[in-house]
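>>> What follows is a predicted protein model with its sequence.
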Amino acid sequence: MHGSIMPRLLPASQITSPVRRRRVVVTGGGTGIGLAIARRFAHGGDDLILVGRRKRVLQSAKDTLSGEAPEATIAWISADLTRPSDVRRAAAEVARGGLIHVLVNNAGGKASCDHDDL
């Protein structure tokens, strides 16, 4: 190994795809790793849908990404993916827009349970 154990990531613009503008859904896309992933797709000119719980955070992420990558189209859906009714609603909203080319399941949270239940 030469200095790093992390794999080299290609810029989104260098990833070949027969689809010109991919439709990308990133759960947990408002902050952290999800936002970093969304940023890569935005800079590649893809159409993004960010999914998360907090509307203000999602709007801020959209504003930031739109400023950095004006060629990308960015939308968001506020949903708590621990609630089945929110999952159904978010899925219906996403489905109205057509085919999804990339789905990044990045939503996370804390769940409490006994280790025996795992």
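Here it is on my side, so go on.
>>> Of all the residues in stretch 63-76, which ones are buried?
Within stretch 63-76, the residues scored as buried using 16 or more other CB atoms under 10 Å are 64-65, 69, 72, 74, 76. (Each C-beta comes from the backbone N, C-alpha and C, glycine too.)
>>> quick one, strands of this structure?
Using DSSP state E, the strands of the chain run over 23-27, 47-52, 73-78, 102-104.
>>> if we can go back for a sec, right, and the pair among the buried residues of stretch 63-76 with maximum separation?
Distance extremes for the buried residues of stretch 63-76: the farthest pair is 69 and 76 at 15.0 Å, using CB to CB.
>>> Identify the residues contacting the residue positioned nearest the centre of the chain.
The residue lying closest to the centre of the chain (CA atoms, centre = their mean) is residue 26, at 1.6 Å. Residues counted as contacts of residue 26 (CB atoms under 8 Å, 6 or more residues apart in numbering) are 34, 37-38, 41, 48-51, 104, 106.
>>> same thing with residue 35?
Residue 35 neighbours (CB under 8 Å, 6+ apart): 29, 61.
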